[in-house]
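>>> Here you go, sequence then predicted model.
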Amino acid sequence: MQVVTTVAEMRRLRAQMTGGVGLVPTMGYLHEGHLSLVRCARAENEHVVATIFVNPTQFGPQEDYQRYPRDPERDLRLLEQEGTDVVFMPEVEEIYPPGFDAWVEVGESLTGRLEGAFRPGHLRGVTTVVAKLFNVVQAQRAYFGQKDGQQLAVIRKMVADLNMTVEVVAVPTVREPDGLAMSSRNSYLSPEERRAATVLWRSLCRARELFDGGERRAEVIRREMRDVLASEPLAEVDYVSVVDAETLAELETISRAAMVSLAVRIGSTRLIDNVTLAD
Ligand code: PAF
């Protein structure tokens, strides 16, 4: 496995690769969710490139950029075990040199709601860095987790509307045995908060149970999910939402694939999760 830190080195290695290249963009502090992305990339491509970059432009001024967990040595060990060929691990100045001032932004209809409403600028930071990584690595396929459902929809839209040639591959969310979606931010939770955090999954399971029982009124599903969340005193809800899985428009009635998502603060840790409901 080769580890490179500059765009020039990454391009040089890329130029030597023949056959399919799979890209796994990450912010490091890897867990099983990331490793499942790498495994999918490994199975489908001749070469696997992973990136580790805690992207400052996707964090708001009051958010956790400084304290975001980092453990590059462990990350490199895990990536090597999974058969990664190249890890691109740039410093911030390599991606955002002095004077950097070009942004890639998907329109408000996809980015003005959900995470975009609660984290202004977040999705613009994501699309900008992902577009840069696509340009540098020139992969045939790029792998993203379904846990960040809106991120995935926004990246797909960027790729389609800007005629990017990379294929975006969505990989199912990996969960702890009690249902909590794997996330680097789970490491912030105290033992008591970790127990409380299972309420996100319980709320999503309630949504699925209602849907499987024939309920199609989105407002009923949202209300019942909120009732589950209200049973957990440590949970503060940012949003509970039932949207069209592609347009992210809030639904009244579920008549096509819907993404049910939520963002909940447990203490000072903000967690997100979602499931797709489809007939
Ligand atoms: O999902 C993430 O970890 C990040 O948003 C990504 C896609 C690596 C961009 O920084």
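Arrived safely.
>>> residue ranges of the strands in the stretch 151-279 of the chain, please?
Counting by DSSP state E, counting those that start in this stretch, residue ranges of the strands within the stretch 151-279 of the chain are 167-171, 235-244, 258-266, 269-277.
>>> Check those for me and report the most buried one.
The highest mean neighbour count among those, using mean count of other Cβ atoms under 10 Å, belongs to strand 258-266: a mean of 23. All C-beta atoms are positioned from the backbone trio N, CA, C, and that covers glycine.
>>> Compute the inter-axis angle for that one and strand 269-277.
With axes from the mean of the first three to the mean of the last three Cα atoms, to 10 degrees defining the directions, strand 258-266 sits at 160 degrees from strand 269-277.
>>> and the angle from strand 258-266 to strand 235-244?
Per the same axes, to 10 degrees, the angle that strand 258-266 makes with strand 235-244 is 170 degrees.
>>> as a whole number, average confidence for strand 258-266?
Averaging pLDDT along strand 258-266 gives 98.
>>> Which elements pack onto it?
Helices and strands touching strand 258-266, by 3 or more Cβ pairs under 8 Å, 6 or more residues apart in numbering; DSSP states H and E, are helix 149-161, helix 198-212, helix 218-230, strand 235-244, strand 269-277.
>>> partners of that strand in the sheet?
strand 235-244 (antiparallel), strand 269-277 (antiparallel) (DSSP bridges).
>>> which one of these lies closest to the ligand?
Distance to the ligand, taken as Cβ to the nearest ligand atom, is lowest for strand 269-277 among the strands paired with strand 258-266, at 10.8 Å.
>>> which outside residues touch that closest one?
115, 146-149, 173, 181, 183, 185-186, 188-189, 193, 197, 200-201, 204, 207-208, 211, 238, 242, 245, 254, 257-265 (Cβ atoms under 8 Å, 6 or more residues apart in numbering).
>>> The ligand contacts on the stretch 1-150 of the chain?
Pro25, Thr26, Met27, Asn55, Gln58, Val126, Val129, Val130, Asp148 (Cβ under 6 Å from any ligand atom).
>>> just the residues you listed now: which is nearest Glu232?
Of all these, Glu232 sits closest to Asp148, with 22.6 Å by Cβ to Cβ.
>>> hang on, the earlier thing: how about a markdown table for the strands of the stretch 151-279 of the chain, with distance to Ala50 added?
A markdown table is the format used below for the strands of the stretch 151-279 of the chain (distance: least, Cβ to Cβ, whole Å):
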| stretch | distance to Ala50 |
| --- | --- |
| strand 167-171 | 13 |
| strand 235-244 | 30 |
| strand 258-266 | 26 |
| strand 269-277 | 22 |
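>>> residues in contact with the spatially most central residue of the chain?
Against the mean C-alpha coordinate of the chain, by Cα atoms, centre = their mean, the closest residue is Asp148 at 3.5 Å. By Cβ under 8 Å, 6+ apart, Asp148 lies in contact with Ile272.
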